[in-house]
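>>> what would the 3D arrangement of this be:
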Amino acid sequence: MQTNEPSHSNDDSLLALDLIEAAWIRGKESGVPHELMAYAAVFAGMRDLVAIFGETAAAAMAKNLEARIKQGEFSGDFPDGSVH
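Down below sits the predicted model:
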């Protein structure tokens, strides 16, 4: 399914992930629970995707997440190294 997702270099993607993970660590150091960081990140990310691609494309991207989650793509350690 085509969702009009932009293509970026691996360097851009890794930089973006590093920046998000650094914010995650700052949140933990400030006492913000992981689940609140996750809710905020999902909300902010979806808000931006809707603004960039529109509701239909963002909904299609979100729909594709179900299979990726079930396949374990997002399983692993938290950015600060703790295990969930």
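>>> which residues of this structure fall in helices?
Here the chain has its helices, by DSSP state H, at 10-29, 34-53, 55-70.
>>> can you spell out which helices and strands pack onto the last one?
To tie it back to what came earlier, the one meant is helix 55-70. Applying 3 or more Cβ pairs under 8 Å, 6 or more residues apart in numbering; DSSP states H and E, we find helix 55-70 packed against helix 34-53. Where you see a C-beta, it was placed from the backbone N, CA and C, and this is true even at glycine.
>>> show me which residues of the helix it packs on are buried.
By neighbour count on 16 or more other Cβ atoms under 10 Å, the buried set for helix 34-53 is 37, 49, 50, 53.
>>> circling back: rebuild the helices of the chain as TSV, extending it with distance to residue 76.
Listed next are those as TSV, based on distance: least, Cβ to Cβ, whole Å:
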stretch	distance to residue 76
helix 10-29	12
helix 34-53	13
helix 55-70	12
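>>> tabulate those (a markdown table), appending mean pLDDT.
Converted to a markdown table, the helices of the chain look like this (pLDDT from 0 to 100):
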| stretch | mean pLDDT |
| --- | --- |
| helix 10-29 | 91 |
| helix 34-53 | 94 |
| helix 55-70 | 94 |
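>>> what about residue 58, neighbour count?
By other Cβ atoms under 10 Å, 20 other residues sit near residue 58.
>>> residue 72 too?
Close neighbours of residue 72, defined as other Cβ under 10 Å, add up to 8.
>>> and the gap between it and residue 49?
23 Å (Cβ to Cβ, to the nearest Å).
>>> try residue 39
Note on residue 39: its distance to residue 49, by Cβ to Cβ, is 16 Å.
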